[in-house]
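> How does the following fold in three dimensions:
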Amino acid sequence: MSCSLVYITTPDLACAEGLGAMLVEQRLAACANILPGMRSIYRWQGAIERADEVVLLVKTKTSLLETLTAAVVAAHPYETPCVVSWPLTSGHPDFLKWIADETA
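Model (predicted):
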């Protein structure tokens with residue numbers, strides 16, 4: 001069973017909590033961790049922007065990434081939300097099994 005960690009940026013705590021709850025409730029994620037207090041500096045539409053954001057880290061099965069991404073994009077307030085993932089190539093076997101068991 002292949003698992004992944006998904007990194008999502010959100011504009012505020014309420015958005016991160018809403019997205020995280022939605023993903024866990026729909027069994028697209030086993031767990032969502034919210035990390036408030038991020039400051040972003042980025043280029044958007046030709047200008048350098050700065051914003052306070054909240055990070056959402058989600059654990060899921062790799063096979064659910066496409067469906068998870070579509071659900072986040074549909075519910076996210078950003079025009080082009082950051083939704084990127086990394087494969088979990090190793091880890092505590094029982095934890096990885098738990099991710100697989102708790103997702104669809």
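
> C-alpha from now on. contacts and neighbour counts both.
Will do.

> Could you list the low-confidence segments of this protein?
Within the chain, no stretch has pLDDT under 70.

> Show me the helices in the protein, by range?
13-25, 65-75, 93-102 (DSSP state H).

> looking at these, which is closest to S4?
With CA to CA as the criterion, S4 lies closest to helix 65-75 of the helices of the chain, at 8.1 Å.

> picking that back up, most neighbours per residue, which of the helices of the chain?
Across the helices of the chain, averaging neighbours per residue (mean count of other CA atoms under 10 Å) puts helix 13-25 on top, at a mean of 18.

> check contacts around the closest residue in space to A100 that isn't next to it in sequence.
Ranked by CA to CA, 6 or more residues apart in numbering and with sequence neighbours excluded, the top spatial neighbour of A100 is K61, at 6.0 Å. K61 is in contact with 1-4, 29, 99-100, 103, counting by CA atoms under 8 Å, 6 or more residues apart in numbering.

> For stretch 36-54, list the C-alpha coordinates in CSV.
This file holds the C-alpha atoms of stretch 36-54, laid out as CSV (Å, rounded to 0.1, in the frame of the first residue of the first chain):
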residue,chain,number,x,y,z
PRO,A,36,-0.9,28.1,11.6
GLY,A,37,1.5,31.0,11.4
MET,A,38,3.1,30.7,8.0
ARG,A,39,4.2,33.8,6.1
SER,A,40,4.4,33.4,2.3
ILE,A,41,6.3,35.5,-0.2
TYR,A,42,5.4,34.7,-3.8
ARG,A,43,5.0,36.0,-7.3
TRP,A,44,1.4,36.2,-8.5
GLN,A,45,0.3,37.8,-11.8
GLY,A,46,3.5,39.7,-12.2
ALA,A,47,3.7,41.1,-8.7
ILE,A,48,5.5,40.1,-5.5
GLU,A,49,2.9,39.3,-2.9
ARG,A,50,3.1,38.6,0.9
ALA,A,51,0.4,36.8,2.9
ASP,A,52,-0.2,35.1,6.2
GLU,A,53,-1.3,31.6,5.5
VAL,A,54,-2.1,28.3,7.3
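
> Buried ones in that stretch, by neighbour count?
Neighbour-count burial for stretch 36-54 flags 36, 53-54 (criterion: 16 or more other CA atoms under 10 Å).
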